[in-house]
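Enquirer: The sequence and its predicted three-dimensional model are supplied below.
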Amino acid sequence: MAPTPSPSTRSQFTIIKTPQTKQRLNFNSKTPNPDQTDHPIEVIGRIRNHTTEKSPNSILQLNPDNNDQTLRVRTDATGYRDFTLDGVSFSEEESVESFYKRFVEERVKGVKVGDKCTVVMYGPTGAGKSHTMFGGKKKECGIVYRSLRDVLGGDGGVGFVQVSVVEVYNEEIYDLLSTCGSSSLGFGCHKGGSNKARLEVMGKKAKNATFISGTEAGKISKEIAKVEKRRIVKSTLCNERSSRSHCIIILDVPTVGGRLILVDMAGSENIDQAGQTGFEAKMQTAKINQGNIALKRVVESIANGDSHVPFRDSKLTMLLQDSFEDDKSKILMILCASPDPKEMHKTLCTLEYGAKAKCIVRGSHTLSKDKNGGDESSSAVILGTRIAAMDEFISKLQSEKKQQEKERNDATKQLKKKEEEVAALRSLLLRKEACATNEEEAIEEKVNEKTQSLKAELEKKLEECRRMAEEFVEMERRRMEERMVQQQEEVEMMRRRLEEIEVEFRRSRGGGGNDETSGFAKRLGSLYSDDDMVKSMDLDMGKSMDFDMGDPEPVKQVWGGAVSYQPSSNTISRDLSNVLQPKPQENIMYADRVCLSTVFEEEEVEEDEEKVIVEDKSICSITTPKPSLKFEGLGKENCFNSTTNDKESASSRKLRIENIFTLCGNQRELSQHTGNDEKVLQAKNDQVLPTTNKAEALAV
Ligand SMILES: Nc1ncnc2c1ncn2[C@@H]1O[C@H](COP(=O)(O)OP(=O)(O)OP(=O)(O)O)[C@@H](O)[C@H]1O
C-alpha cells in the first residue's frame, strides 16, 4: 500500500517511490509546457453531518486562508493537517442539490456533448457515499437521479439514453437490471440467493449487461430506485445498512458518444472495525476491500508514473480502466468523510488518498501517441510531463511544509507569549489575593477599633447620664428637705400662733364668762365630739387619697351665696385663714372635693355684738403615708363649753390642733409639688394675717 502523503513524509516518499528517477536522469532536457498538462482527476471533499447530536466537536474545518479548497483536519489540541482539494462541501451547510450544481452539473453537461465522466464516491463506511449518490431518506434526490434528469431533460436534452446497473460483490459482477428467470442475458444467480445475473468482464466492460433505454427520466429513475434496493447490504458496527458491494451505473448517450459512470463504492473499512466474525465473513470483507485497495493502487501507480498500472487486480478497476485511460474521460472523485473525532484515522486515510489522486497528470498528446504504438521520444515527453507534475507537487508540498513550519513556529511563539501572560496574570492574581487579605484584615482591625471607641464613648455617656440623674435626684432631695424644714418652721410658727390665740382665747373666756365662749366652743365641741365628724374625716381622707395632687381642678367654695374658685392644693395658711374667717352660720356649701371642714363659730359674746364665724375650710390631699391622727380623749370635747375641766379641754384641743396640722402639713408638702404652691402660700399667708387679727380682735 502506498504510504500516506502526510506533510512529514510526503516529500521523502515521493523521492523514494518515483521510479522514473533513472529515466529522469536520461530525460531529454525539454521541460513540458505546464499548459499542456491535464489533471484528469478532480477531487472534492464532502463532509457529512454529525452522526449524533452528542458529538458537537468537529475535527474538520476549512482553512480560513485558502478559499474553500483546503480542508483542515485537527489532529489534536494544537496540531492539524491541511489537504488542498478541488473543492470542499459540508452537508450541514450545503444540500445535495447545491452540491450537485456546484461540482457535478458541468460534467453532466459535458456528457451531453460526448464527453466521458466518471463520478466515484470514495470513503469509509457510513461516511455518506450512498446518501450523496442516491439521496437520503427524506426523498432528497441524489446525484444519480439528478444526472439522469439533466441528461434527458432541460436545455439540449439528448432525448435518449441507455442505462445499465451492475454491482461488484465478492469480486463478482452482477447485473442488477436482470433476473435469473427473466433475463435471457443472465449468466446465473449469485450465492446470496437473489436472482441477479452474474456477468463476465470482456475487455474493459461487463459482457452482456442488461440495459434499459428510454427518453423519460422519471421512468428510468423508478427502475434505478428499484434496483438500488436490490444491492447487497448488511448491518455492520459502522453502518446499519452498509453497502457490501460496489455499485456501478453506466449511462450511455449513444447519439453523441457520451458516457457517465457513477460509482458508489462499498465502505473502505478494516475487518475488525466492521465487526465481522467467522472466516467467511472476514473473507467477504477482505474481498470488498480488495476493490478499494486495487483502486488505490491504480491511482498511485498512475500518479507515480508506473509503467504498469494494476487495473486487473480487481473487477472494479477492470471496469474503470477506460475512465483512467481514455483521453476524453474525466474522473470526479468525491471523498466522503465524517467530522467525528473517532473517525479521524479513516478521514486522514481518505484525504491522503484523494491528495494522491490529485497528482495524476496526463500529457495533452501522450495517450494518443501511445495508442499508436508510441516511440521513445513520446514516452520521454510523457515521463517529462509526469516528472514536471511531480516536481510541481513536491515543491507545493515543500512550500506547504515551510508554511506549516512557519505557522508552527508562530504558534509556538504565541503559545510562549500566552504562557508568559498567564504566568504574569497568575502572579498578579496571587498578589491581589494577598492584598485583598491584608485589606480585609486592616478593615476588620479598623472596625474593631471603631467599635471599641464607640463602646467606650457610650459607656462614658451612660456614666455621665447616671451621674447627672444622681445629681438631679440629690438636688431634688435637698430641695425637698429644705422645703420640709421651711414648712416645719412655718408649722411651728403657726402652732405657736395658734397657742397664743388659744391662750388669748382662754384669757378672754376667763374674763368674759362662760357664755362668751360657749358658741365657739360648742361648735368646735360638736364638730370634734361628733362621731360623724370622725366618719367625715375618714371619708374625706379616703376621697383625698384618690385625689390627684396635680389636679388643677379648682375647689368650689361658696361663701355667703357668692361662688369663688380656688386651686385644690390648699396650704396650711389658707386653712387657717379659713378657720379664722367669719362665715355665716349654716350657710356653708362644701365643694365636691372638700376633705375636712372645721367650723369655729363664736356666738354672740355680747348683745348686739357682731357674730364672728371662723371657718376652716380646707381641702386636703393626703398621700401616703397616711397621717397618724390621735383621737384619744376627743370624746371629751363634748363638754367643750364646760368651764370646770379646763385642763382636759386644753389637752383635747391641742390634740385636735395637732391632728389638723398633721393633715394640713401633709397637704402642704404635697401641694408644693404642684409648683404653684408658693404663690398660693403667699396669698394665703396674706389672708391669714388679717384673719388672725380678726381672731385676735375677737379674742380681745
Ligand atoms: N449528509 C448526511 N446527512 C444526513 N444523514 C446522512 C448524511 N450522510 C449519511 N447519512 C446517513 O448515514 C447513514 C450512512 O450513510 P451511507 O449509507 O450513505 O454511508 P456509506 O458511506 O454509503 O456507507 P457504506 O459504505 O457502509 O455503504 C445513512 O443512514 C444515511 O442516511
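Expert: The structure has been received and is ready for your questions.
Enquirer: Which residues of the stretch 251-400 of the chain lie near the ligand?
Expert: Contacts of the stretch 251-400 of the chain with the ligand, taken as C-beta under 6 Å from any ligand atom, map to 266-267, 336. Glycine gets a C-beta too; all of them are placed from N, C-alpha and C.
Enquirer: Of those, which belong to strands?
Expert: Cross-referencing those against strands under DSSP state E gives residue 336.
Enquirer: ok, residue 148 - contacts?
Expert: Taking C-beta atoms under 8 Å, 6 or more residues apart in numbering as the definition of contact, the neighbours of residue 148 are 161, 163, 217, 220-221, 224, 251.
Enquirer: Of those residues, which belong to strands?
Expert: When DSSP E is applied, the contacts of residue 148 are split such that 161, 163, 251 fall in strands.
Enquirer: Next one: residue 504 from residue 46, what distance?
Expert: Taking C-beta to C-beta, to the nearest Å as the measure, residue 504 falls 146 Å from residue 46.
Enquirer: Looking at those two, which is more packed in?
Expert: Between residue 504 and residue 46, counted using other C-beta atoms under 10 Å, residue 46 has the larger neighbour count: 24 against 15.
Enquirer: What's the first helix or strand after the strand or helix carrying that one?
Expert: The secondary structure element spanning residue 46 is strand 41-47 (assigned by DSSP states H and E). The first helix or strand that comes after strand 41-47 along the chain, using DSSP H and E, is strand 60-62.
Enquirer: can you state the direction angle for the next helix or strand after that following strand and strand 41-47?
Expert: Along the chain past strand 60-62, the next helix or strand (assigned with DSSP H and E) turns out to be strand 70-74. If you take axes from the mean of the first three to the mean of the last three C-alpha atoms, to 10 degrees, strand 70-74 sits at 50 degrees to strand 41-47.
Enquirer: returning to what we had before: other SSEs contacting the strand holding residue 46?
Expert: Packing partners of strand 41-47 (3 or more C-beta pairs under 8 Å, 6 or more residues apart in numbering; DSSP states H and E): strand 87-90, strand 329-337, helix 344-357.
Enquirer: got TSV for these, with mean pLDDT too?
Expert: Formatted as TSV, these follow (pLDDT from 0 to 100):
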stretch	mean pLDDT
strand 87-90	90
strand 329-337	91
helix 344-357	86
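Enquirer: Please work out which of these is packed deepest.
Expert: Per residue and on average, the most neighbours among the helices and strands packed on strand 41-47 fall to strand 329-337, with a mean of 24 (mean count of other C-beta atoms under 10 Å).
Enquirer: mind listing what that one pairs with, with the direction of each?
Expert: strand 41-47 (parallel), strand 116-122 (parallel) (DSSP bridges).
Enquirer: Would you point out which residue of the stretch 451-600 of the chain is nearest the ligand?
Expert: residue 451 (70.9 Å; C-beta to the nearest ligand atom).
Enquirer: Compute the mean per-residue pLDDT across the helix or strand hosting that residue, please.
Expert: When elements are assigned from DSSP H and E, residue 451 belongs to helix 376-512. pLDDT averaged over helix 376-512 equals 88, rounded to a whole number.
Enquirer: Tell me what angle it forms with helix 344-357.
Expert: Angle of helix 376-512 versus helix 344-357, following the same axes, to 10 degrees, is 140 degrees.
Enquirer: just to revisit the earlier point, out of the contacts of residue 148, which comes closest to residue 304?
Expert: The nearest member of the contacts of residue 148 to residue 304, counting by C-beta to C-beta, is residue 251 at 31.3 Å.
Enquirer: Just the CA atoms of stretch 331-341, as PDB, please.
Expert: Taking C-alpha atoms only, stretch 331-341 is exported to PDB below (Å, rounded to 0.1, in the frame of the first residue of the first chain):
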ATOM      1  CA  ILE A 331     -12.800  11.500 -13.100                       C
ATOM      2  CA  LEU A 332     -14.700  13.300 -10.300                       C
ATOM      3  CA  MET A 333     -13.600  11.700  -7.100                       C
ATOM      4  CA  ILE A 334     -15.900  12.600  -4.200                       C
ATOM      5  CA  LEU A 335     -14.200  11.900  -0.900                       C
ATOM      6  CA  CYS A 336     -16.800  11.300   1.800                       C
ATOM      7  CA  ALA A 337     -15.700  11.900   5.300                       C
ATOM      8  CA  SER A 338     -17.100  12.200   8.800                       C
ATOM      9  CA  PRO A 339     -16.300  15.100  11.200                       C
ATOM     10  CA  ASP A 340     -16.400  12.700  14.100                       C
ATOM     11  CA  PRO A 341     -13.100  12.700  16.100                       C
END
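Enquirer: quick revisit: buried ones only from the contacts of residue 148, please, as a PyMOL command.
Expert: To isolate the buried members of the contacts of residue 148 in PyMOL, using 16 or more other C-beta atoms under 10 Å:
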select buried, resi 161+163+217+220+221+224+251
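Enquirer: ok, of the contacts of residue 148, which one's closest to the ligand?
Expert: The shortest gap between the ligand and any of the contacts of residue 148 belongs to residue 224, at 16.1 Å (C-beta to the nearest ligand atom).
Enquirer: Is it correct that the closest one is in contact with residue 146?
Expert: No: using C-beta atoms under 8 Å, residue 224 makes no contact with residue 146, being 11.9 Å away.
Enquirer: Now stretch 253-265: buried residues?
Expert: Counting neighbours by 16+ other C-beta under 10 Å, one finds that the buried residues in stretch 253-265 are 253, 258-265.
Enquirer: Is it possible to get a markdown table of these that adds secondary structure and pLDDT?
Expert: As requested, these are exported to a markdown table (DSSP: H, G, I helix; E, B strand; the rest coil; pLDDT from 0 to 100):
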| residue | secondary structure | pLDDT |
| --- | --- | --- |
| 253 | strand | 90 |
| 258 | strand | 90 |
| 259 | strand | 92 |
| 260 | strand | 94 |
| 261 | strand | 94 |
| 262 | strand | 95 |
| 263 | strand | 94 |
| 264 | strand | 92 |
| 265 | coil | 89 |
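Enquirer: quick check, nearest of those residues to residue 74?
Expert: Once C-beta to C-beta is applied, the member of these that ends up nearest residue 74 is residue 265, at 26.3 Å.
Enquirer: can you tell me how far the residue nearest to the closest one when sequence neighbours are not counted sits from residue 48?
Expert: Taking C-beta to C-beta, 6 or more residues apart in numbering, and ignoring the residues beside it in sequence, residue 265 has residue 246 as its nearest neighbour in space, at 4.9 Å. For residue 246, the distance to residue 48 equals 19 Å [C-beta to C-beta].
Enquirer: Which positions in stretch 104-118 come out as buried?
Expert: So for stretch 104-118, counting by 16+ other C-beta under 10 Å, buried means 104-105, 107-112, 115-118.
Enquirer: Inside strands: which ones of the residues you listed?
Expert: 116-118.
Enquirer: re earlier: out of the buried residues of stretch 104-118, which one sits closest to the ligand?
Expert: Distances from the ligand to the buried residues of stretch 104-118, taken as C-beta to the nearest ligand atom, are shortest for residue 104 (15.5 Å).
Enquirer: in stretch 455-468, what counts as buried?
Expert: Buried residues in stretch 455-468 (16+ other C-beta under 10 Å): none.
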